[in-house]
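> I need the structure of the sequence given here:
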Amino acid sequence: MPLRRLSACLLLCGVAAHAQSQLPAKPIAEACSPGKVLCVEVTTDNDGRPSYAVSREGKPVIAPSRLGMLFTDVPKFERNLEIASRSTDAADETWEQPWGERREVRNHYNELTVTLRERSGPRRDFDVVFRLYDDGIGFRYAFRRQAGLARLEVAEELTEFTLAQDATAWWIPAFEWNREEYLYHTTPLAEVGDAQTPITLRTGDGLHVSIHEAALVDYSGMNLTRVDGRKLKAALTPGTGGAAKVSVATPLRTPWRTLQIVPRAVDLAQSSLILNLNEPNALGDVSWVTPMKYVGVWWEMHLDRKTWATGARHGATDANVRRHIDFAAEHGFGGVLVEGWNRGWDGDWFGNGEEFSFTQSAGDFDLEALSAYARSKGVVLIGHHETSGHAAHYESQLDAAFDLYERVGVPAVKTGYVADAGQAKVRDADGRIAYAWHEGQAMVNHHAKVVTEAAKRHISVNPHEPVKDTGLRRTWPNWITREGARGMEFSAWGNPGNPPEHESILVFTRLLAGPMDYTPGIFGMRTRAPAGIETTWAKQLALYVVIYSPLQMAADLLDNYEANPGPFQFIKDVPVDWEDSRVLAGEIGDYVAIARRRRGGDDWYLGAVTDEQPRTVEVSLSFLEPGRRYTAQVYRDGDDADYRGNREDIVIESREVTGGDMLEMRLAPGGGQAIRFVAR
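Numbering: from 1, shown residues only. The predicted model follows:
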């Protein structure tokens, strides 16, 4: 390729700095996003090793980083490769979410497909497909069925992400016993070890980068290992036996490896990249999927006032559940979660998940009668299936369990996989019980089975201790939310509990993957955790807007709500399904302010939270409809509010506002503010 042509290509894609080091031995494949904001270049070196590089507005973001795959049974795709062909495509469409943070999502990208072929030998080949958006990039491997590649036994990916600059990283460790339930580290990139995704980074010049994956289907989840300097390498979750981490027939398309690349933290939280990289709704009519707020027999067990096991303190009794149903009906909640309703909790349930029955109730709980009673009050029961990570045992009862819920009218189920990492139980190819990681291929496939079988009965699924979220709610909209991070229960019994910065980190890390069942709304600040709930009441209210989930729990004891009708009113009012969402302000680990409009309505809701530092946050109300007046119902920290004391100090007041106003919010240490804007 002539030098003049090469320089023009590199200038177009903003990677001229790479060209100055040496000319590539083989042709370049390149493409840019629709607005020419992000560009990618794929090339091979003299040994035939492929790599890609990413730039933003002419500045390198991802320095040349390797591509390829190692197998356990055939030669690797690492070197001796050439760019055999390249093709491009583009799309610009808008699709509607059946529920979500916003009704309409624009999917606007340019696509580059690069075919890499061996220069000699069997001449095997594979594709790397890039989709370029103005706010991020997704790329995946695609393998055709061909001689020697009818089935892939994947030992590891060679995929790398080499940051072009030093960065600060927000991350949690991978391959540790407590799955995803760790507090986030805030460290230089050079101190990252094995990390889960999403991992979020901020470079020295303020650019924000989040690395994750999308459309995780029939494959192992991807973690990241820092191997040297600023280089992160894919580390697939182990399989159930042997050297292969993934075993799958071709043709194969791997999950997308994703890079969200934006100038501000708020732009990360505004992105729809992960959703857009998933396949459209595969279920057809999903009007039966119903977002809702719920109460439940749950928090009292975490406070050790009730037990999951039967006996004198059993929580899931007919009388206690009826009380929750009556409360839900009186205050407008859609559902009542009941944990501990079934047989199997009386023994060592953590270690012996095979004792659980998913069809037989405990002796003091009448599933059919209680479900009928709930429905007579306009409420539904939310089921619960704790498996102790014994996926094989759960699958043996799955059809019967979902048939039961369908028959008695339970439209949603919270599943649980409480087991140490690497100790989930599945059946291997020979039908024997094998131990598995929560995000290995076997458990990825298990969750897909659960959600698709549930869909056949019009049941929605909310897994805890789950496989990570990768946007599959677009494909299976009954996968309505999940846990997958440290939730509120750690503030009931943890040592430590969740610190004040926790939620302002989650917005820019875990929540980039999708909704989280965080279970907010706690008014009883003293718990079994030494420090209790390290927030103010106003922050607990704000979390209903800040932490997005279409299934939101009012998690506290009913007595605390009945005793505090003033702040409880916001929990009653706030919706769970939205027409639009705007991230107004925020910095990772410091603070965030988000506004959302009720789906099908005119009212807006705003939530703002801060870390341990008090701060004043000013935001424009320009999201409100021009020329219209609103009554702002404000729930704010009192003058003496502080997460270390006076947590209950809250002021509830109203004022008139318009879209032309600026709003100044004073947030106490560990505090927040929640506002309902009622259109006049």
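> Give me the neighbour count for residue 531.
Using other C-beta atoms under 10 Å, residue 531 has 17 neighbouring residues. For the C-beta atoms, the positions are set from N, CA and C on the backbone; glycine is no exception.
> brain fart, residue 618
11.
> Direction included, what does the helix or strand that contains it pair up with?
Using DSSP states H and E, residue 618 falls within strand 615-620. Take DSSP bridges as the rule and strand 615-620 pairs in its sheet with strand 662-667 (antiparallel).
> Now residue 466: closest residue in space that isn't a chain neighbour?
In this structure, residue 466 finds its nearest non-sequential neighbour in residue 482, 4.4 Å apart by C-beta to C-beta, 6 or more residues apart in numbering.
> Tell me, how many residues neighbour the one you found?
That count, for residue 482 with other C-beta under 10 Å as the rule, works out to 26.
> any idea how far it lies from residue 505?
Separation of residue 482 from residue 505 (C-beta to C-beta, to the nearest Å) stands at 18 Å.
> Need the three-state assignment for residue 569.
Here residue 569 is recorded as helix under DSSP: H, G, I helix; E, B strand; the rest coil.
> what pLDDT does it get?
pLDDT for residue 569: 98.
> and it, how many neighbours?
16.
> for this structure, what spans make up the helices?
In the chain, the helices defined using DSSP state H lie at 3-13, 16-21, 265-270, 273-276, 299-302, 318-331, 367-376, 391-408, 441-456, 490-493, 502-506, 537-546, 558-562, 565-573.
> Return the distance of the residue nearest to residue 466 relative to residue 288.
Per C-beta to C-beta, residue 482 is found 19 Å from residue 288.
> sorry, back to before: need the helices of the chain in JSON lines (columns: distance to residue 655).
Output for the helices of the chain, formatted as JSON lines (distance: least, C-beta to C-beta, whole Å):
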{"stretch": "helix 3-13", "distance to residue 655": "51"}
{"stretch": "helix 16-21", "distance to residue 655": "53"}
{"stretch": "helix 265-270", "distance to residue 655": "25"}
{"stretch": "helix 273-276", "distance to residue 655": "36"}
{"stretch": "helix 299-302", "distance to residue 655": "33"}
{"stretch": "helix 318-331", "distance to residue 655": "26"}
{"stretch": "helix 367-376", "distance to residue 655": "39"}
{"stretch": "helix 391-408", "distance to residue 655": "46"}
{"stretch": "helix 441-456", "distance to residue 655": "45"}
{"stretch": "helix 490-493", "distance to residue 655": "32"}
{"stretch": "helix 502-506", "distance to residue 655": "26"}
{"stretch": "helix 537-546", "distance to residue 655": "16"}
{"stretch": "helix 558-562", "distance to residue 655": "26"}
{"stretch": "helix 565-573", "distance to residue 655": "16"}
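> deepest of these, which one?
Of all the helices of the chain, helix 537-546 carries the top mean neighbour count, a mean of 29, counting by mean count of other C-beta atoms under 10 Å.
> so where is the stretch 251-400 of the chain shaky, pLDDT-wise?
Across the stretch 251-400 of the chain, nothing is flagged by pLDDT under 70.
> Okay, buried residues for the strand holding residue 618 please.
By 16 or more other C-beta atoms under 10 Å, the buried positions in strand 615-620 come out as 617, 619.
> contacts for that strand?
The contact list for strand 615-620, computed with C-beta atoms under 8 Å, 6 or more residues apart in numbering, reads 584-585, 590-591, 593, 595, 606, 608, 610, 661-667.
> And the furthest pair within those?
Greatest spatial distance in the contacts of strand 615-620: 590 and 661, 24.1 Å, computed using C-beta to C-beta.
> low-confidence ranges in this structure?
Across the chain (using pLDDT under 70), the flagged ranges come out as 1-26.
> my guess is the residue nearest to residue 466 meets residue 465, correct?
No: contact criterion C-beta atoms under 8 Å: residue 482 and residue 465 do not qualify, at 9.2 Å.
> where's residue 138 relative to residue 527, distance?
41 Å.
> In terms of packing, which of the two has more residues around it?
A count of neighbours by other C-beta under 10 Å puts residue 138 above the other of residue 138 and residue 527, at 25 against 22.
> The spatially closest residue to that one that is not a sequence neighbour bridge partners, please.
With sequence-adjacent residues excluded and distances taken as C-beta to C-beta, 6+ apart, residue 138 is closest to residue 256, at 3.9 Å. Beta-bridge partners for residue 256, by DSSP bridges, are residue 214.
> give the contact list for residue 256.
By C-beta under 8 Å, 6+ apart, the contact set of residue 256 is 131, 138-140, 213-215, 277.
> what two of these have the greatest distance between them?
Farthest pair in the contacts of residue 256, by C-beta to C-beta: 131 and 213, 13.2 Å.
> Number of residues surrounding residue 28?
Residue 28 has 23 neighbouring residues, counting by other C-beta under 10 Å.
> how close does it sit to residue 41?
Distance from residue 28 to residue 41, by C-beta to C-beta: 6 Å.
> so what's residue 482 up against?
If a contact means C-beta under 8 Å, 6+ apart, then residue 482 has 462-464, 466, 469, 514-517 as its contacts.
> Show me those that map onto strands.
462-464 (DSSP state E).
> would TSV of those residues with neighbour count and distance to residue 145 be doable?
Formatted as TSV, these follow (neighbours: other C-beta atoms under 10 Å; distance: C-beta to C-beta, whole Å):
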residue	neighbour count	distance to residue 145
462	27	37
463	24	33
464	21	38
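> Show me which of those residues is closest to residue 414.
Closest to residue 414, out of all of those and judged by C-beta to C-beta, is residue 462, at 4.7 Å.
> my guess is the closest one contacts residue 550, does it?
No: shown here, residue 462 and residue 550 do not form a contact pair, counting by C-beta under 8 Å, at 9.6 Å.
> Now do the spatially closest residue to residue 88 that is not a sequence neighbour: how many residues are near it, please.
Computed as C-beta to C-beta, 6+ apart, the closest residue to residue 88 that is not its neighbour in sequence is residue 112, at 5.6 Å. Residues lying near residue 112 (other C-beta under 10 Å) number 23.
> Spit out the contact partners of residue 112.
Contacts of residue 112 by C-beta under 8 Å, 6+ apart are 29-31, 40, 42, 86-88, 129-130, 132.
> Quick one, which of those residues are buried?
Of the contacts of residue 112, these count as buried by 16+ other C-beta under 10 Å: 29-31, 40, 42, 86, 129-130, 132.
> Next, work out how far apart residue 85 and residue 374 are.
Counting by C-beta to C-beta, the gap from residue 85 to residue 374 is 60 Å.
> related to what we said a few turns ago, and of the contacts of residue 112, the nearest to residue 342?
Distances from residue 342 to those, taken by C-beta to C-beta, are shortest for residue 129, at 44.8 Å.
> Just grab the bridge partners of the nearest residue to that closest one once chain neighbours are set aside for me.
Once flanking residues are discounted, residue 129 sits nearest to residue 113: 5.0 Å by C-beta to C-beta, 6+ apart. Here residue 113 sits in beta bridges with residue 87, residue 129, going by DSSP bridges.
> Next up, the contacts around residue 113.
Applying C-beta under 8 Å, 6+ apart to residue 113 gives the contacts 86-89, 127-130, 142.
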